[in-house]
Each structure stands twice: as structure tokens, then as C-alpha cells.
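[1] 3D, please:
(chains A and B)
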Protein chains: 2
Amino acid sequence: MSVITIERKVLEKNDQIAGRLRQQFRERGIFTLNFVSSPGAGKTSILERTFQELQGSMRVAVIEGDVQTDLDAQRVARYGVPVIQIVTLGGCHLEASLVQDALKNLDLNGVEILFIENVGNLVCPANYDLGEALKVAILSTTEGDDKPLKYPAMFLNASVLIVNKIDLVPYVKCDLKTLKGNALKINPALKVFEISCFTGAGISEWCDWLRKKGASA
Amino acid sequence: MSVITIERKVLEKNDQIAGRLRQQFRERGIFTLNFVSSPGAGKTSILERTFQELQGSMRVAVIEGDVQTDLDAQRVARYGVPVIQIVTLGGCHLEASLVQDALKNLDLNGVEILFIENVGNLVCPANYDLGEALKVAILSTTEGDDKPLKYPAMFLNASVLIVNKIDLVPYVKCDLKTLKGNALKINPALKVFEISCFTGAGISEWCDWLRKKGASA
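    A predicted model of the protein is given here:
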């Protein structure tokens, strides 16, 4: 039982730090999103597409979370966006304390939207509040339409679902209607976007929504 | 520091049970594989294809691990294969004790190959020995060729890498040579198969290898 007790303590401590971060983000008018998904679902590609679309209209910054390497931070930095990489060295999720530390080295002056890209993992990051305004779950069509039922916590805790790689639907076993139905069965309040970073489909709808949210934060 | 201490104890206890399971599998001549991958990389599809190919030549059984639902066990059961589902209820990986419990309800009489399909997670299952002869890491081309560098532990601890969905290479940003190069950079001893469950490419090579291993276990 001691493991469970300590786990609860870890989560409580995390929630306290996350609460303080959320307060700071609110006071500074920064709309903060926590991007969560399996590895390779397209979190970084969506960020790249989003920066192209928002260029000149919104000021953004990024915290990248990875088990190893700063490959994602390098990709994001090409867009001239302030970015800091957290390497968890084996850790399977970001925690609020890691975000707190990262913020010491990230200039948020004038920033309207902060993207936190979590470690690629559809299980563990669901339980860790990072002080975000909301979690954005990303699911690639290549993963199959049954995933919301099989990994429910992530879809329950997210406010937004981005279905990515819709250009690949003709080539994979994934029915978009079934996928959305399964996601809404877990969480009927989910706001769903369907996009393709490859063709650009759905990117402007997603970015219009972001701009609105970023402006009113 | 207490969390780390307890974590080590959990792993030590897991390793003890896994050691006993490995001994049992060896004594009974059962070749046991631990399938690990991201969600949607194709673990269950590979099992389905494998059962079609091995039908009549090898006796197999399956332990399915999922966070929620028995959808995978249902898929596998259609092939007339003995299968038992472990539902972790939020847990991000299988542990040896869960496998031990599952075996009480799985008839291994005459079984030559036991497949354990882990929870879809490219991080946490890397550290948990289930008593398997070897870990088979599965990576879908849709996840991108950088994943071995970003999630190294899984590729370091695996003996086999199955690159799945090679039929999708023309439609995604994934260079097979780069992917394999990255995987072998992490673990030069990896045995690599390239397959497509959709076209059937590479399935017979994989199953030939399995038959040989199963027969000599």
C-alpha cells in the first residue's frame, strides 16, 4: 500500500505546483495548452503548421518534453519561436515542477499562447496537471478508431481532440465516424478538430479557434 | 528519495517473479515473446497475421494487456487461439505478477509459443521483465524514423524490431534506412523485420524465424 500512498502524495504535490502555475498563466493572460498523444501522432508537426498559420497574429512560446534528445525543440526553433526542451531521461510524463523549472529559462514577455508538448505516451501524462488551461489530445488515424475506448483517461481529461493524418484514412483501417463516436462516448464535451498536417486540411479552423481562445485568455 | 527506493523494490520484486516465470517457460519448452509498442503500431494485427501463417504448424497462446476493454482478446479469439485478457485499469504496463495470475486461467498444455501483448506504451513497459525469452519492439512507419532516438530504452531492451506498415512509406515522412540506422545506433544487436499486415509483405520471413525459435525453445 505504501506505493499507492506515495503516488497520491506525488500527485498532490504536483497539483499544488500546477495550481500556482495556472494562477500565473491567468494573471499574465497566457493561454496554455498541454499537448498529449502517442509517439508519432503528430504533436510537433501540428505545432509547426500552427506557427506558420499564426505568424504575425499571435505571440507563442513552447516547452518541449521528451524522454531523450532535443530533436523536437530543434524543429520548433526553426520558426523563430521561443522554446525550451525538458529531457525527462526515461521519465514517462511531464510534471508541474519540471514546467516550473523550465519557465525560469523561457521569456514569456508578451506571449499569448504557451504550448507544452508532453512526452509521447497515451497513458501516464493523463494524470499530471501542468497548470494548463486545457489538455489537447491528438490521435492519428493510423492508430485506429478504437483507441479512445482502450485509453479512456486521456480522452476523459482532455478538452480538445485533434484527429490528425486524415489524409491517410483511405490507406488505413480507421473509420472517422467510429473514432469520433468512441471519443465522444468517453467524453461528450470534447471539442473535435480533424486535420492533416500534410495537406493542411482543417488547420485554419483549428487556428481560428486558437486565436479566439488566445485573445480572450 | 523514498519514491526511488520503493520503485527499486517494486522492480526487484517484479524481477524475482519474472525469473521464476522464465524458468517455468524454459522447462516447458515455451518460447515467450513480450510485444511492446506505441498504441496503434499494430501489435494485435501482427498477431492476427501470425496466427494465419502458423496455423497447423505451431501451437500458440496469448496474454493480452490493455488499460481498458477486452477488444484485443476478442480479435485474437476469432483465430481459435487460447487467450486471456489482463485489464490494468489505468496501469501503464504489464508486470510479472499480472502475467503469473493470468497463467492460472490459461491452459499452456502443448503450447510452443506464448505471445504477451503489452499495454500500448513506448516508455514504461521497457523496464518490466515479464519472464519472456525476448522483447519484440514494434514501430509503425507512421510514427516517424526518429522514434528509436527519442525512446531509446525500449529499443535497447528489445531483441527484435518489427517495422510495421511499410506499405504506408510512400504517404508518410519516414525513411526506412534512417529508421533502421537509428534503431541500430541504440542497439546494434537488434534483429529487424520489415512487414505490412495489410499487404502481407515480410510476414513469412518473420514467421519462419518464429517457427525456428519456437521449435528450439
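[2] next one: phi and psi at the residue nearest the centre of chain A?
    Closest to where the C-alpha atoms of chain A average out (CA atoms, centre = their mean) is A:Phe35, at 0.5 Å. In terms of degrees, to the nearest 10, the main-chain angles of A:Phe35 are phi -80, psi 120.
[3] what does chain A have sitting close to chain B?
    Within reach of chain B by CB under 8 Å from any CB of the partner chain, chain A has these residues: A:2-3, A:6, A:10, A:38-40, A:66-69, A:71-72, A:90, A:92, A:119-124, A:140, A:142-144, A:146-147, A:149-153, A:165, A:167-168, A:171-172. For glycine as for every other residue, the C-beta is placed from the backbone atoms N, C-alpha and C.
[4] coming back round to it: which residues touch the residue nearest to the centre of chain A?
    Applying CB atoms under 8 Å, 6 or more residues apart in numbering or on different chains, we find A:Phe35 in contact with A:43, A:46-47, A:115-118, A:136, A:138.
[5] so which of these belong to strands?
    A:115-117, A:136, A:138 (DSSP state E).
[6] which pair of the residues you listed spans the longest distance?
    A:Ile116 and A:Ile138 (12.9 Å; CB to CB).
[7] checking my notes, A:Leu33 in a helix, right?
    No. If the criterion is DSSP: H, G, I helix; E, B strand; the rest coil, then A:Leu33 is strand and not within a helix.
[8] that one touches A:Leu130, doesn't it?
    No. Counting by CB atoms under 8 Å, A:Leu33 sits too far from A:Leu130 to count as a contact (9.8 Å).
[9] those two: who's more crowded?
    A:Leu130 (27 against 21; other CB atoms under 10 Å in any protein chain shown).
[10] got the contact list for the more buried one?
    Counted by CB under 8 Å, 6+ apart, A:Leu130 has contacts A:18, A:21, A:32, A:34, A:94-96, A:99, A:116, A:118.
[11] now those residues: which count as buried?
    Neighbour-count burial (16 or more other CB atoms under 10 Å in any protein chain shown) applied to these gives A:18, A:21, A:32, A:34, A:94-96, A:99, A:116, A:118.
[12] any chance of those residues in CSV, with pLDDT too?
    Shown next, in CSV, are these (pLDDT from 0 to 100):
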residue, pLDDT
A:Ala18, 98
A:Leu21, 98
A:Thr32, 98
A:Asn34, 98
A:Leu94, 97
A:Glu95, 97
A:Ala96, 98
A:Val99, 98
A:Ile116, 98
A:Asn118, 98
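[13] just checking, A:Val160 touches A:Glu132?
    No. A:Val160 is beyond contact range of A:Glu132, at 11.0 Å (criterion: CB under 8 Å).
[14] now the common contact residues for the two.
    A:Leu33.
[15] which of those two has more neighbours?
    Set A:Val160 next to A:Glu132 and count neighbours by other CB under 10 Å: A:Glu132 wins out with 24 against 19.
[16] find residues that contact each of A:Leu33 and A:Leu130.
    What both A:Leu33 and A:Leu130 touch, as defined by CB under 8 Å, 6+ apart, is the set A:Ile116.
[17] which of the residues in the lengthiest helix in chain A are buried?
    Counting by DSSP state H, the longest helix found in chain A is helix A:2-27. Using 16+ other CB under 10 Å as the test for burial, helix A:2-27 gives A:14, A:17-18, A:21-22, A:25.
[18] which stretches of chain A have low pLDDT?
    A:1-6 (pLDDT under 70).
[19] now with 90, please.
    For chain A, the stretches flagged by pLDDT under 90 are A:1-10, A:56, A:217.
[20] return the closest of the buried residues of helix A:2-27 with respect to A:Glu53.
    A:Phe25 (22.2 Å).
[21] tell me the spacing between that closest one and chain B.
    27 Å (CB to the nearest CB, to the nearest Å).
[22] so that residue is in contact with A:Gly131, correct?
    Yes. At 6.2 Å, A:Phe25 counts as touching A:Gly131 under the criterion of CB under 8 Å.
[23] okay, and the common contacts of the two?
    A:Thr32.
[24] all strands of chain A, in order?
    A:31-37, A:60-66, A:83-87, A:113-117, A:134-140, A:160-164, A:191-194.
[25] mind putting these into CSV with distance to A:Lys185?
    Converted to CSV, these look like this (distance: least, CB to CB, whole Å):
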stretch, distance to A:Lys185
strand A:31-37, 19
strand A:60-66, 29
strand A:83-87, 33
strand A:113-117, 27
strand A:134-140, 14
strand A:160-164, 12
strand A:191-194, 13
